[in-house]
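Chemist: pasting a predicted model and its sequence here:
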Amino acid sequence: MIPAVILVLAFCLSGLQLASEHLRLQQVAASAARSSARGEGLGGAARLAGQLVPGARLSEQSDGSIVCVRAAFSGSVAHGLLGAVTISARSCALAGGT
């Protein structure tokens, strides 16, 4: 019975870690989208992404007056259960905003 409780606890903690990483990625994507929409590019946003979520990748997509940025993170074996999952977040902003 005790090993089952430990296993359930491990899955719950892994889920919490995934949720935390997703929130950080969402923050990075939103910041990058606003920065890119102002014409500043992804340079500063990439530095922020590297600080908040090391190993995060940013990709930009523009569709007329809307700029969207996707932030993605693939864990490594060092991240335990998180290493088996790819997390991504996407955010958009109106181009030319100040």
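Modeler: Nice, thanks for sending it over. Residues are numbered from 1 along each chain as shown.
Chemist: going forward, measure contacts and count neighbours with C-alpha atoms only.
Modeler: OK.
Chemist: how much space between the most centrally placed residue in the chain and residue 65?
Modeler: Nearest to the geometric centre of the chain sits residue 25, at 2.1 Å (Cα atoms, centre = their mean). Residue 25 is 23 Å from residue 65, where distance means Cα to Cα, to the nearest Å.
Chemist: tell me which helix or strand comes right after the longest helix along the chain.
Modeler: Counting by DSSP state H, the longest helix found in the chain is helix 2-37. Proceeding N to C from helix 2-37, the next assigned helix or strand is helix 43-52, under DSSP states H and E.
Chemist: what packs against that next one?
Modeler: Applying 3 or more Cα pairs under 8 Å, 6 or more residues apart in numbering; DSSP states H and E, one finds that helix 43-52 contacts helix 2-37, strand 57-63.
Chemist: tell me the buried residues in that helix?
Modeler: 45, 46, 48, 49 (16 or more other Cα atoms under 10 Å).
Chemist: quick one: contacts for the third one?
Modeler: It stands for residue 48. Contact analysis of residue 48 by Cα atoms under 8 Å, 6 or more residues apart in numbering lists residue 28.
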